[in-house]
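>>> I need the structure of the sequence given here:
(one chain, ligands or ions: 1)
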Amino acid sequence: MNHLQADSIRKSYGDKLILSDIFLSCNQGETVGLIGRNGSGKSTLLKIIFGIENAENKYVKVNKKMIRNLGDSRNLINYLPQNNFLPTELKVLTIIKLFLQSQRREFLLNNEHVKPLLDRKFQNLSGGEKRILEILLLIYSEAKFILLDEPFEGVSPLVRDYILKIVNEEKSNKGFIITDHDYENVLKISDKILFLSNGNLKEIRNEKDLQEYGYLTSSTYTN
Ligand SMILES: Nc1ncnc2c1ncn2[C@@H]1O[C@H](COP(=O)(O)OP(=O)(O)OP(=O)(O)O)[C@@H](O)[C@H]1O
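Next comes the predicted model:
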């Protein structure tokens, strides 16, 4: 079984400490939900794990392989950034051929959400169409661990439910770390939920804990 471990992660911007000695682990078959207020450092943590952001200290491993930079994470970790990352000028069909090997390509070419988009340039897709294409390309990539930064942002409920379904289906082959302010769906999909605050991660169980830690106000959460 594949295993991702991130340990002793420390990161500051200027004199502001963002992450202080963070430990996080994810197994194949597991979805880890990461919740925190705006600016708490969730994206920074995912970027450090993926290898595109430096840290003062970090120890990231997939199985026995140390991940020191982006090159090390190739075929092991993939990351969905908050902003679109695909080449804007290319048609969707070309993008799929570039990103996926033939076996996995077929699934996407016949996917109900992607098939109608194949002849269109990425730049001409709607925000939600761009997002679902990016997410599916990552989920069907070779990588063993998929880090999704705000996957539910800008997608309709139908597409959001489809993302939840695909993540659950692919979980047997991969591990997922998901952060999104749609906390209800993060709670729904996650096997383990971590709350990032003041540079530290705490494991939480439910919405009541989120209220206790000040992520939700009592009027947001009423049960
Ligand atoms: N390159 C940078 N230089 C300086 N400060 C930065 C940089 N990138 C992020 N920060 C700061 O680090 C903190 C954490 O940012 P990060 O984007 O990781 O937060 P987040 O939890 O993902 O927030 P959000 O939920 O709003 O997306 C913020 O205060 C942000 O302003």
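>>> residues from this structure in reach of the ligand?
Proximity of the chain to the ligand, by CB under 6 Å from any ligand atom, involves residues 13, 18, 36, 38-44. From N, CA and C alone the C-beta is placed, and that goes for glycine too.
>>> now for those residues, which pair is the farthest apart?
The largest separation in these, counting by CB to CB, is between Y13 and G36 at 15.7 Å.
>>> comparing those two, which residue is more hemmed in?
G36 (21 against 9; other CB atoms under 10 Å).
>>> phi, psi for the closest residue in space to that one that isn't next to it in sequence please.
Nearest residue to G36 in three dimensions, chain neighbours excluded: L196, at 3.6 Å (CB to CB, 6 or more residues apart in numbering). Dihedral angles of L196 (phi, psi; degrees, to the nearest 10) stand at phi -100, psi 120.
>>> residue contacts, L196?
Neighbour list for L196: 34-36, 40-42, 45 [criterion: CB atoms under 8 Å, 6 or more residues apart in numbering].
>>> in strands only, show me these.
Using DSSP state E, the subset of those located in strands is 34-36.
>>> A143 contacts L76, correct?
Yes: assessed by CB atoms under 8 Å, A143 is found in contact with L76 at 6.0 Å.
>>> related to what we said a few turns ago, bridged to the residue nearest to G36, which residues?
G36, L201 (DSSP bridges).
>>> per-residue confidence at it?
With respect to pLDDT, L196 has a value of 97.
>>> now swap in E53 and tell me
E53 is given a pLDDT of 95.
>>> and the residue nearest the centre of the chain?
L148 (1.3 Å; CA atoms, centre = their mean).
>>> so that one is in which element?
strand 145-149 (DSSP states H and E).
>>> ok, how many other residues are close to L70?
A count of nearby residues for L70, using other CB under 10 Å, gives 14.
>>> show me the contacts for it.
L70 makes contact with 50-52, according to CB under 8 Å, 6+ apart.
>>> so how far is I48 from it?
Distance of L70 to I48, computed by CB to CB, to the nearest Å: 11 Å.
>>> buried stuff in the helix or strand hosting E106?
Assigned by DSSP H and E, E106 falls within helix 102-109. Of all the residues in helix 102-109, those buried under the rule 16 or more other CB atoms under 10 Å are 104-105, 108.
>>> can I get those residues in TSV with distance to S126?
Formatted as TSV, the buried residues of helix 102-109 follow (distance: CB to CB, whole Å):
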residue	distance to S126
R104	24
R105	23
L108	18
